[in-house]
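>>> Sequence first, then the predicted structure, then my questions.
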Amino acid sequence: MLDKLDQEIIKLLQENIPLAEQPYMILANQLGITEEELLKRLNKYKEEGILRRVAVILNHREAGFKANGMVAWLVSKDKREEVAKILARHSATTHVYQRPTYPDWPYSLFSMLHGQSQAEVEEIVQELSELTGIDDYQILYSTEELKKTSMKYFIEEQ
Amino acid sequence: MDEIDQQLLTITQQGIPLTSTPYHDLGQQIGIDGEEIIERLKKLKNNGYIRRIGGIFSSKRLGYISTLVAMEVSEDRFYEVAKIINSYLGVTHNYRRNHSYNLWFTLIAPSQQRLAVILKEIKEKTGITRMIELPAERFFKLAVKLELDNRGD
């Protein structure tokens, strides 16, 4: 169970940590606890899987990954596992998810690919299509970013 | 961005240590002074390469529910609808995509019930009827980094 202090810690950590020699000391001071206590709790969240990591999050477009392709693959149930593993193994793939299907949306496996151009993404998709034997797919490019932010937890909604 | 910046971004995307002096400790690993790491990260952040340096939490482990939603929105109403959707705090990503389902957003909420309420509100406020919910049923891979070392430019 997360107590009030845990929630306060998460609310701070989901913003930016200071770029200073002892960033957690600064945050601990804001919270009114010791650096040791803060680090103890953070390491505990990490062990429990609540905190994936403290890390740099890139603006992918700025960092040179210009084409962001979500590829949805039409895969029969019996082949799903095998195909998902092939997709996941590719170095350009960042995520593979299985999602529900609908009469007008029969594509059950979603893989996210980052490339430097649409041509590069298409090349990778072609390669993956050959590797998996799946030739029915949709490449969905994000042609316009309408919102991109990190989730803010424990903040009252609207 | 020079080679050291690329190396630094590749490493810091995987994680910054949960220690008293994390930048110093990272520096020890890659043979750069902690001070220089801080200066380089500041610059990369100011130049817009870095969106955020902070904690990445598991919404699932925090008890939150998430889904992906695809909608078909006519061009004349596109931005009006996007604005309504974006007004929700739990909508973290929203993109136009090249399909008849042309608007795709992710929604995170503290409970299944709250998620359903938000989706119902969105439907009512936008009047959009062609909408599918695509929550992840299974997850196969989450790579923690992209190889920056092989960039072409």
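Now that the structure is in, tell me what you want to look at.

>>> Which neighbouring elements make contact with the lengthiest helix in chain B?
Assignment by DSSP state H gives helix B:112-126 as the longest helix of chain B. If contacts are counted by 3 or more CB pairs under 8 Å, 6 or more residues apart in numbering or on different chains; DSSP states H and E, helix B:112-126 sits against strand B:65-71, helix B:78-86, strand B:103-109, strand B:131-133. (Glycine included, C-beta is placed from N, CA and C.)

>>> Output the ones you listed in CSV; the columns should cover mean pLDDT, distance to chain A and mean neighbour count.
Formatted as CSV, the helices and strands packed on helix B:112-126 follow (pLDDT from 0 to 100; distance: least, CB to the nearest CB, whole Å; neighbours: other CB atoms under 10 Å in any protein chain shown):
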stretch, mean pLDDT, distance to chain A, mean neighbour count
strand B:65-71, 97, 7, 19
helix B:78-86, 98, 5, 16
strand B:103-109, 97, 5, 22
strand B:131-133, 97, 5, 16
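
>>> Give me the longest strand you can find in chain A.
strand A:137-148 (DSSP state E).

>>> buried sites along that strand?
A:137-142, A:146-147 (16 or more other CB atoms under 10 Å in any protein chain shown).

>>> repeat for stretch B:121-134
Those would be B:122, B:126, B:128, B:131-132, B:134, for stretch B:121-134 by 16+ other CB under 10 Å.

>>> Stretch A:92-106 too?
Those would be A:92-99, A:105, for stretch A:92-106 by 16+ other CB under 10 Å.

>>> and if you look at stretch B:36-45?
Result for stretch B:36-45 [16+ other CB under 10 Å]: buried residues B:37-38, B:40-41, B:44-45.

>>> Please go through those residues and note which also touch chain A.
Among those, the ones lying near chain A by CB under 8 Å from any CB of the partner chain are B:38, B:41, B:45.

>>> wait, the first one sits on A:A20?
Right, the one you point to is B:I38. Yes: with contact defined as CB atoms under 8 Å, B:I38 and A:A20 form a contacting pair (7.0 Å).

>>> State the number of residues packed around residue 9.
Because you didn't say which chain, this covers chain A. Around A:I9 there are 23 other residues, counting by other CB atoms under 10 Å in any protein chain shown.

>>> my question was about chain B
22.

>>> How about B:N98?
13.

>>> What of the one 3 residues further on?
The burial count assigned to B:Y101 is 20, neighbours taken as other CB under 10 Å.

>>> my read: it touches B:I132, true?
Yes: using CB under 8 Å, B:Y101 is in contact with B:I132, at 7.1 Å.

>>> okay, and the common contacts of the two?
A:105, B:70 (CB atoms under 8 Å, 6 or more residues apart in numbering or on different chains).

>>> Please verify my assumption that B:S59 contacts B:I108.
Yes: using CB under 8 Å as the test, B:S59 is close enough to B:I108 to be in contact (5.2 Å).

>>> Common neighbours of these two, please.
With CB under 8 Å, 6+ apart as the test, B:S59 and B:I108 both reach A:151, B:65-66.

>>> how is chain A carved up into domains?
Chain A breaks down into these domains under automatic domain parsing: A:4-48, A:67-141.

>>> Any part of the first one near chain B?
Yes: legend: contact between domain A:4-48 and chain B by CB under 8 Å from any CB is shown at A:10, A:13-17, A:19-25, A:35, A:39, A:42-43, A:45-46, A:48.

>>> Could you do the last one as well?
Yes: in terms of CB under 8 Å from any CB, part of domain A:67-141 sits within range of chain B, namely A:70, A:84-85, A:87-88, A:91, A:93-100, A:102, A:104-105, A:110, A:114, A:116, A:138, A:140-141.
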